[in-house]
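Participant: The sequence and its predicted three-dimensional model are supplied below.
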Amino acid sequence: MGLVSGTCFADSGNNVVCVDNNQEKLKKLKNGEVPIYEPGLETLFDRSVRENRLSFTDDLEAAVKHADIIFLCLPTPPGADGQADLSAVLSVGGQIGSMIESYKVIVNKSTVPVGTGDRVEAKVAKNCDKELFDVVSNPEFLREGAALDDFLKPERVVIGTDSTKAAELMELLYEPFVRSGNPIIIMDRRSSELTKYAANSFLATKISFMNEIANLCERVGANVDNVRRGIGTDSRVGKRFLFAGIGYGGSCFPKDVQALDYTADENDYNFNILKAVMDVNERQKTSIVEKMKLFYQNDLEGKTFGVWGLAFKPETDDVREAPAIYIIKALLEAGARIQAYDPEAIETFKTAIGEEVASQVTFVDTQNKATNGAEALIICTEWNEFRRPSFDEIRENLKSPVIFDGRNLYDLKRAKDAGFTYISVGRPMVS
C-alpha cells in the first residue's frame with residue numbers, strides 16, 4: 001500500500017520521499033528493484049524514479065522537514081485476540097512530533113481501529129504545538145493485483161477530518177484521480193476509520209454467505225453457479241463477491257474482520273454476524289481436504305498431489321492467510337506428498353510456511369510439472385493461465401484423471417467431456 005501510494009502520487013507530479021527502516025528493502029528500491037509483485041507498478045515506478053519525483057531514504061527527519069503531507073503506511077497486524085497492533089503507527093507518530101517546524105497534515109493511511117487518530121494526535125502533540133499539524137484518516141481501498149487501477153481511478157476517496165485546511169490540502173492532492181466525477185467524501189475522523197472495516201467486513205460476509213450456500217447446494221443437489229446468477233442480477237445484491245470457493249485470505253479481509261469484531265467486543269457489543277463469517281471462512285479453507293478424504297476413503301498416506309496456486313488470489317505474490325497454506329499443511333499431516341506451482345508466490349510461500357514444512361513440499365517451475373505423476377490435481381488460486389489448460393496433457397500426467405477445484409474454474413460439461421472426475425465447490429461432482 002505504501003509503495004503503490006507513493007508511486008502513484010509521484011506519477012501525478014508530486015515529489016515523494018518514501019521512508020523505511022528495512023535496509024534490505026531500501027537497497028532494492030534504490031537500485032530500481034520493485035520488491036513486490038503488482039501488475040503495472042514497475043512501469044510507473046521506473047518513470048517516477050527516472051524523473052526524480054520518487055526517492056527512498058531511512059532519514060525520517062529529513063523527509064518530514066520537507067513534506068507538506070505525511071502518510072503513515074505502516075503495518076497493523078492482528079494479535080492472537082484479533083486486536084490490531086498499533087505499535088508501529090504510534091511509534092512513528094511519536095517520533096514525528098519533535099521534527100515538525102511548519103504546518104503538516106499527518107495521514108493515517110494504514111487500516112486502524114476507531115480512535116487511532118486521537119491516539120496519534122496525542123503522541124504528536126507531546127512534542128509539537130497542535131497548531132502545526134492535523135491528523136487525518138484516509139483509508140485505502142486497494143485490491144492486490146489491481147492496486148494501480150484502484151488508486152488511479154478510485155470509486156471514492158474517503159477523508160476523515162474536522163479541519164478545513166487539512167481537507168482542502170487532501171482534496172487538492174486527490175483531485176487528479178477523480179476527474180471522472182467519482183466523489184471525495186469528507187467526514188469525521190472516527191467515521192472514516194470505521195468505513196474501511198465496515199466495507200471489508202461486508203464483502204467478507206458476502207463471500208462466507210455464498211460459501212454456506214455452496215455447501216448447502218452440495219447437499220441438496222443444486223448448482224451454486226446458477227444460484228449466483230439468479231441473485232447477482234438483483235441490483236440490491238450485486239454480482240461481485242458472490243463466487244463460492246475455499247475462503248478468503250490476504251492482508252485485509254482476515255485482519256479487518258477480526259479487528260472490527262474486537263472493537264465490538266471492547267465496546268460490549270456481540271457482533272454475531274462477524275463471528276459467523278470468521279467461523280465459516282475457517283472451515284472453508286480446508287473443506288477441499290475433507291472432500292479428498294471422502295473420495296479416497298480417508299487414505300491419503302503416500303499419495304502425491306499436484307497443487308496449482310499458492311497466493312491468496314491471482315496477480316499477487318501475497319500468501320498471507322492463503323487457503324493453500326492450510327490445505328497443504330493438512331495434506332502433509334495426512335501423509336500426502338505435494339508438488340506445488342504458482343507463477344509468482346513460491347518464494348513468499350516458502351517463507352510463510354517455514355523451512356521445516358517447505359522442505360516437505362516439492363516446488364516446481366511449471367504447472368505441468370506439478371501434475372506429473374500425481375494422483376490428482378488441486379486448484380487453490382484462480383490464475384488466468386489455469387483457466388485454459390491442456391486437459392489432454394493433464395490427463396496424461398496424472399495417475400488418474402481427477403481434479404479437486406477450489407475455485408470453480410471449469411465448466412462441468414467441459415470437465416466431464418475431457419474425461420475427468422471433477423470435484424468443485426457447491427456444484428455436482430461429474431465423473
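Facilitator: Done, it's in.

Participant: Point out where the stretch 51-200 of the chain drops to low pLDDT.
Facilitator: For the stretch 51-200 of the chain, no stretch is flagged by pLDDT under 70.

Participant: do that again at 80, thanks
Facilitator: 80 (pLDDT under 80).

Participant: Which stretches in it count as helices?
Facilitator: 60-66, 87-97, 116-125, 147-152, 164-174, 189-220 (DSSP state H, counting those that start in this stretch).

Participant: Which of those helices sits closest to residue 263?
Facilitator: For these, the distance to residue 263 is smallest for helix 189-220, at 7.5 Å, taking C-beta to C-beta. Every residue, glycine included, has its C-beta placed from N, CA and C.

Participant: packing partners for the closest one?
Facilitator: Applying 3 or more C-beta pairs under 8 Å, 6 or more residues apart in numbering; DSSP states H and E, one finds that helix 189-220 contacts helix 116-125, strand 133-137, strand 157-160, helix 224-232, helix 253-266, helix 272-285.

Participant: Pull the fourth one out as PDB, backbone CA atoms only.
Facilitator: Right, helix 224-232. In PDB, the C-alpha atoms belonging to helix 224-232 read as follows (Å, rounded to 0.1, in the frame of the first residue of the first chain):
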ATOM      1  CA  VAL A 224     -24.100 -22.700  -6.900                       C
ATOM      2  CA  ASP A 225     -23.300 -21.100 -10.200                       C
ATOM      3  CA  ASN A 226     -27.000 -21.000 -11.100                       C
ATOM      4  CA  VAL A 227     -27.900 -19.600  -7.700                       C
ATOM      5  CA  ARG A 228     -25.200 -16.900  -8.000                       C
ATOM      6  CA  ARG A 229     -26.500 -15.800 -11.400                       C
ATOM      7  CA  GLY A 230     -30.000 -15.800 -10.000                       C
ATOM      8  CA  ILE A 231     -29.300 -13.500  -7.100                       C
ATOM      9  CA  GLY A 232     -26.400 -11.500  -8.600                       C
END
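
Participant: host element of the residue nearest to the spatial centre of the chain?
Facilitator: The centroid of the chain falls nearest to residue 250 when counting by C-alpha atoms, centre = their mean (3.4 Å). Under the criterion of DSSP states H and E, residue 250 resides outside all helices and strands.

Participant: Test my guess that it contacts residue 312.
Facilitator: Yes. Residue 250 lies in contact with residue 312 (C-beta atoms under 8 Å); the separation is 4.4 Å.

Participant: what's the burial count for residue 245?
Facilitator: Residues lying near residue 245 (other C-beta atoms under 10 Å) number 26.

Participant: part of a helix, is it?
Facilitator: No. Residue 245 sits outside any helix when classified using DSSP: H, G, I helix; E, B strand; the rest coil, being coil.

Participant: and it, what pLDDT?
Facilitator: pLDDT for residue 245: 97.

Participant: I figured it hits residue 211, correct?
Facilitator: Yes. Counting by C-beta under 8 Å, residue 245 does reach residue 211; the two are 7.0 Å apart.

Participant: Overlap of the contact sets of those two?
Facilitator: Contact criterion C-beta atoms under 8 Å, 6 or more residues apart in numbering; residues shared by residue 245 and residue 211: 284, 425.

Participant: now the helices and strands packed on helix 189-220 in TSV, with distance to residue 40 and mean neighbour count?
Facilitator: Output for these, formatted as TSV (distance: least, C-beta to C-beta, whole Å; neighbours: other C-beta atoms under 10 Å):
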stretch	distance to residue 40	mean neighbour count
helix 116-125	31	20
strand 133-137	27	26
strand 157-160	20	23
helix 224-232	28	16
helix 253-266	23	21
helix 272-285	29	18
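
Participant: so which of those comes closest to residue 39?
Facilitator: helix 253-266 (20.3 Å).

Participant: orientation of that closest one relative to helix 189-220 in degrees?
Facilitator: 110 degrees (axes from the mean of the first three to the mean of the last three C-alpha atoms, to 10 degrees).

Participant: Dump helix 253-266 to PDB, restricted to CA.
Facilitator: The C-alpha trace of helix 253-266 is given here as PDB (Å, rounded to 0.1, in the frame of the first residue of the first chain):
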ATOM      1  CA  PHE A 253     -10.200  -9.300   5.000                       C
ATOM      2  CA  PRO A 254      -9.000 -11.600   7.800                       C
ATOM      3  CA  LYS A 255      -7.400  -9.000  10.000                       C
ATOM      4  CA  ASP A 256     -10.100  -6.300   9.300                       C
ATOM      5  CA  VAL A 257     -12.900  -8.600  10.200                       C
ATOM      6  CA  GLN A 258     -11.100  -9.700  13.400                       C
ATOM      7  CA  ALA A 259     -10.300  -6.100  14.300                       C
ATOM      8  CA  LEU A 260     -13.900  -5.000  13.800                       C
ATOM      9  CA  ASP A 261     -15.100  -7.900  16.000                       C
ATOM     10  CA  TYR A 262     -12.500  -7.000  18.600                       C
ATOM     11  CA  THR A 263     -13.700  -3.300  18.600                       C
ATOM     12  CA  ALA A 264     -17.300  -4.500  19.100                       C
ATOM     13  CA  ASP A 265     -16.300  -6.700  22.000                       C
ATOM     14  CA  GLU A 266     -14.300  -3.900  23.600                       C
END
